[in-house]
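[1] What would the 3D arrangement of this be:
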Amino acid sequence: MSEPSIRQACAEDIEALCALILEHGPNPWNHLPEVEVREHLQGIATNATLAVLAEEQRRLLGFVSYRLTRGFAVHQPAARASQLHGYICEAVVHRDCAGRGVGAHLLTEAVQDLWRRGVHDVYIDRHEENAASAGMMRKAGFSELLTYADPARRANGSGRSTLCCLRAR
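    Numbers count the residues shown, from 1 in each chain. Model prediction:
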């Protein structure tokens, strides 16, 4: 099978991205309220949300969405506490493509885009027990920072989220 092509998502991709995540994203570990997911992805039209997607023969295989934020300032190194940093919001791969490394490749592309934008620290979180997400994050170079109770977003299993970070070298 050929290597998928990776590109930035644009406004014309929003509906396909919504359809993909709402069909292939739900599992016991993911918090994906449809209204919030759609609002988040609508931000692509105004660049409030950024995303990279993978395609193969014009078929959408997956995407990673992300934002510039100051929402994790408490976890920033002191010298960069006031700087913008990145947050990886959503990552989804079509079920037929699981295990091909598409998610890790997209995650790496998103991080590289954030670094090109001057970001030095990128954050991502997952359900504590989501082994597939944990593996993808490790493969992309993320390290765990902390695990905390998150019952509003994690109704299953331990009910806890794990926050991870990747810092520019």
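[2] Could you use CA atoms for every contact and neighbour count after this?
    Will do.
[3] how about the strands in this structure?
    With strands called from DSSP state E, the chain shows them at 5-8, 50-56, 59-69, 85-93, 121-127, 143-149, 160-167.
[4] quick one: contacts of the second one?
    Among residues not part of strand 50-56, those counted as contacts by C-alpha atoms under 8 Å, 6 or more residues apart in numbering are 2-9, 43-44, 60-67, 102, 106, 109-110.
[5] Can you select the buried ones from these in ChimeraX?
    The following ChimeraX line selects those of these that are buried, judged by 16 or more other C-alpha atoms under 10 Å:
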select :4,6,8,9,43,44,60,61,62,63,64,65,66,67,102,106,109,110
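[6] ok, so what distance separates the nearest residue to Asp150 once chain neighbours are set aside from Leu41?
    The shortest distance from Asp150 to any residue other than its chain neighbours is 4.9 Å, reached at Arg160 (C-alpha to C-alpha, 6 or more residues apart in numbering). From Arg160 across to Leu41, the span is 25 Å (C-alpha to C-alpha, to the nearest Å).
[7] Of those two, which one has the most company?
    Leu41 (25 against 21; other C-alpha atoms under 10 Å).
[8] And the spatially closest residue to that one that is not a sequence neighbour, what's its pLDDT?
    Counting by C-alpha to C-alpha, 6+ apart, Ile14 is the residue found nearest to Leu41 once chain neighbours are left out, at 6.2 Å. Per-residue confidence (pLDDT) for Ile14: 98.
[9] which residues touch Ile14?
    41-42, 44.
[10] hmm, back to that, please determine how far the residue nearest to Asp150 is located from Leu145.
    13 Å.
[11] Just the contacts of Ile14: which are in helices?
    41-42 (DSSP state H).
[12] Save the contacts of Ile14 as TSV, and put in pLDDT and distance to Arg126 too.
    Converted to TSV, those look like this (pLDDT from 0 to 100; distance: C-alpha to C-alpha, whole Å):
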residue	pLDDT	distance to Arg126
Leu41	98	19
Gln42	98	22
Ile44	98	22
